[in-house]
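Chemist: Structure for the following, please:
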Amino acid sequence: MSSNYHANNKLPEDPERVFDVLQAVSGNVAEAARRFSVDPHTIRNWLNAADGRQERLTEIRKAFDNDLLDQATSTTMRNLQSGDGRISNRAAQIVYQYMGKRRGYVPASYVEQDNNQDVTITVVREEE
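Modeler: Numbers count the residues shown, from 1 in each chain. The predicted structure is shown next:
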């Protein structure tokens with residue numbers, strides 16, 4: 001066990017205190033364990049000990065993912081409008097690569113063949 005953790009591995013009795021810390025660390029179990037001075041397995045076991053705890057952790061993590069995506073979108077928009085050609089071009093590439101699929105933008109793919117055998121290539125488009 002790491003020296004960052006205490007041997008007692010006790011969490012607060014109030015589940016809301018544990019969830020408050022998990023919320024503050026975006027659902028990062030290892031970071032929450034450091035804040036409580038317990039082993040990460042203690043928190044994982046606690047999460048598995050009662051119905052609804054894992055689902056609540058999943059909700060915390062989904063909210064973090066959505067916030068992160070919103071921040072990335074805002075940063076990309078600022079970069080697109082920055083006037084710096086290198087930054088705005090890279091931001092545009094990101095938009096096309098990850099968000100442009102809905103409009104049919106896909107990265108180019110190349111297939112090279114060194115022999116004379118026939119090759120069949122199937123292009124698959126994701127449906128929305």
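
Chemist: now the longest helix belonging to the chain, how far from the centre of its chain.
Modeler: Ranked by number of residues, the top helix in the chain under DSSP state H is helix 53-80. In this view, helix 53-80 has its centroid 8 Å away from the chain centroid, taken as CA atoms, centre = their mean, to the nearest Å.

Chemist: Counting by contacts, list what the lowest-mean-pLDDT helix or strand in the chain packs against.
Modeler: The weakest-scoring helix or strand in the chain, judged by mean pLDDT, DSSP states H and E, is helix 85-94 (a mean of 79). When contacts are defined as 3 or more CB pairs under 8 Å, 6 or more residues apart in numbering; DSSP states H and E, helix 85-94 packs onto helix 53-80. For glycine as for every other residue, the C-beta is placed from the backbone atoms N, C-alpha and C.

Chemist: which helices and strands does the helix it packs on pack with?
Modeler: Other elements packing on helix 53-80 under the criterion 3+ CB pairs under 8 Å, 6+ apart are helix 15-24, helix 40-48, helix 85-94.

Chemist: how far off helix 53-80 does the least confident helix or strand of the chain point, in degrees?
Modeler: If you take axes from the mean of the first three to the mean of the last three CA atoms, to 10 degrees, helix 85-94 sits at 140 degrees to helix 53-80.

Chemist: Give me the contact list for helix 85-94.
Modeler: With CB atoms under 8 Å, 6 or more residues apart in numbering as the test, helix 85-94 has contacts from 76-77, 79-82.
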